[in-house]
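A.B. asks: build me a model from this:
(one chain, ligands or ions: 1)
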Amino acid sequence: MFPIRSLDELHLQLRAGQTSCRAVVEYHLSRIEQSRALNAFIEIWADEALARADELDARLAAGNGHMGRLFGAVLSLKDNICYAGHGVTAGSRILSGFRSLYSATAVERLLAEDAILIGRTNCDEFGMGSSNENSAYGPVRNADDPERVSGGSSGGAAVSVQTDCCLMALGSDTGGSVRQPAGFCGVWGFKPTYGRISRHGLIAYGSSFDQIGILGRHPADLAVCLDVMSGPDAFDATALPAAAPAEAQPGPQKIAYFPEAIEHEGIDAGVRALTLDYLDQLRAQGHQVEPVHFDLLDYLIPTYYVLTTAEASSNLARYDGIRYGYRGPNAANLEETYLKSRSEGFGAEVKRRILLGTYVLSSGYYDAYYGKAQQARRLIRDRLLVLFNDYELIAMPVAPGVAWRFGEKSADPVAAYLSDIYTVLANLAGVPAIAQPIGRHPENGMAVGLQWMAAPGADNWLLKNLPGAF
Ligand code: GLN
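C.D. replies: Residues are numbered from 1 along each chain as shown. Below you'll find the model as predicted:
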């Protein structure tokens, strides 16, 4: 009966009376218990999830009422997505004790379709990180090798799916935070087109990059979840109109890849070999897989880090020790309250980024850094989008290597930033992208993922037309 591998399978079993929502929740709770040492969850809503399961079971037994599209599906929420009456801290000490006053639009839509929320997952502080080592709650361990990182920033979300603590997990992706941990943990991770899912109730990091994303075991599950959450929202002016449904179109696809990315000096040889091998398999299946040059790769990381730190420095100005969460004790006056609250409340990485962001926005440097990076972003986006005139999909590695050992990149933040090279492109350009597990590294056995990007708005199409995925 367990594990249940997909939403369809769950619904078949529920309808046939082979399982119940209570049994499903109990199963996931037992998995959470067994994987506690990995530190994926910050809080578990066991009683609430069980009560909701009973309510859904009663409805199913009575045979009356509508069965929502996510009926009985158990999901976890990243600790930066608001759920009314529940704690939310974005992995930060500065929000300790804070409770959401309202639910994110995405969360309301999940609940309206009868999903069950089981707990909130650990993450890098405010989504800033690639290994979950920047969380106030400690790092998340990778279930495949607990001496290695889960990836980040949605590390808890990835491990919650990897260890079968839930069917799907909501994460957020500003520069790869859904796709990279998914890749490191051997699960699927999807970042929609910018604006596809309302950001209302997602704690802001870099507002022109942030998107809620979904991690799971099957692209078809992600498609249902996306459909449920997406659509316009009066609380988020950047939320797009409802997307047209897409159908699977069997037949060969036109796929581009960047030789510069796969031959990049920073890429691990095992990851390169697996990626090339997978592309060969697709060719053998009849897909048209072609190299295309993209000479802006080296500009991705600088552009991303200038713009996101700038946006973060502005977004995080609101945490002043007065209105939210942690307040530094022993402050003699207002100025000291701000100073102590922010100095003690934020972790080192967040402070580094606020300083960087404030610098690139400061008078005298604005044009040289922020203004320039805006221009670079436009150029990168334009160069990428024209490729979708000729190709349906672009394939790239998810990351240049596999999940690293704890501490390996802590001494050098730039080394960690560079590991985001393949994922930030989709956020700079606002296009949908998905990480697919394609195999295991020949030497260390860790998961390796492949990333697919598609044209803006092609989210539904992408989830239904991944070559070789089914
Ligand atoms: N690792 C990237 C960063 O630290 C991406 C994070 C994210 O997508 N939230 O900015």
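A.B. asks: need the residues of the stretch 201-350 of the chain near the ligand, please.
C.D. replies: Residues of the stretch 201-350 of the chain that fall close to the ligand, judged by Cβ under 6 Å from any ligand atom: 205, 308. C-beta: built from backbone N, CA, C; applies to glycine.
A.B. asks: quick one: the strands in the stretch 201-350 of the chain?
C.D. replies: Under the criterion DSSP state E, counting those that start in this stretch, strands of the stretch 201-350 of the chain are mapped to 211-216, 254-257, 288-291.
A.B. asks: now do the contacts for the residue most central in space within the chain.
C.D. replies: In the chain, the centroid-proximal residue (Cα atoms, centre = their mean) is V178; its distance is 2.1 Å. Taking Cβ atoms under 8 Å, 6 or more residues apart in numbering as the contact definition, V178 lies against 154, 157, 171-172, 189-191, 213-215, 435.
A.B. asks: now for these, which pair is the farthest apart?
C.D. replies: Maximum pairwise distance among the contacts of V178 (Cβ to Cβ): 14.5 Å, between S172 and A435.
A.B. asks: more neighbours: which of these two?
C.D. replies: A435 (36 against 30; other Cβ atoms under 10 Å).
A.B. asks: pretty sure the more buried one is touching G449, no?
C.D. replies: Yes - A435 lies in contact with G449 (Cβ atoms under 8 Å); the separation is 4.3 Å.
A.B. asks: between these two, what contacts are shared?
C.D. replies: Joint contacts of A435 and G449 (Cβ under 8 Å, 6+ apart) are 179, 182-183, 189, 398.
A.B. asks: what is the nearest of those to the ligand?
C.D. replies: R179 (8.5 Å; Cβ to the nearest ligand atom).
A.B. asks: narrow the shared contacts of A435 and G449 to those in strands?
C.D. replies: G189 (DSSP state E).
A.B. asks: quick one: I118 is in a strand?
C.D. replies: Yes - under DSSP: H, G, I helix; E, B strand; the rest coil, I118 sits within a strand.
A.B. asks: from now on call the first residue 462
C.D. replies: In the new numbering, first residue 462, that becomes I579.
A.B. asks: residue contacts, it?
C.D. replies: 486, 489-490, 493, 505-507, 510, 535-537, 626-627.
A.B. asks: okay, buried residues for the least confident helix or strand in the chain by mean pLDDT please.
C.D. replies: Of all helical and strand segments in the chain, the minimum by mean pLDDT, DSSP states H and E falls on helix 874-879, at a mean of 86. Using 16 or more other Cβ atoms under 10 Å as the test for burial, helix 874-879 gives 874, 877-878.
A.B. asks: dump those to CSV, plus distance to the ligand.
C.D. replies: CSV is the format used below for the buried residues of helix 874-879 (distance: Cβ to the nearest ligand atom, whole Å):
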residue, distance to the ligand
P874, 9
A877, 7
Y878, 7
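A.B. asks: what's the burial count for the nearest residue to Q710 once chain neighbours are set aside?
C.D. replies: Using Cβ to Cβ, 6 or more residues apart in numbering and skipping residues adjacent in sequence, the residue nearest Q710 is N926, 6.0 Å away. N926 has 21 neighbours, counted by other Cβ under 10 Å.
A.B. asks: tell me the pLDDT of N926.
C.D. replies: Per-residue pLDDT puts N926 at 94.
A.B. asks: follow-up on the earlier one: out of the strands of the stretch 662-811 of the chain, which is the most enclosed?
C.D. replies: strand 672-677 (a mean of 29; mean count of other Cβ atoms under 10 Å).
A.B. asks: can you give me the offset of that one from its chain's centre?
C.D. replies: 5 Å (Cα atoms, centre = their mean, to the nearest Å).
A.B. asks: show the average pLDDT along that strand.
C.D. replies: pLDDT averaged over strand 672-677 gives 98.
A.B. asks: direction included, what does that strand pair up with?
C.D. replies: strand 629-634 (antiparallel), strand 649-652 (antiparallel) (DSSP bridges).
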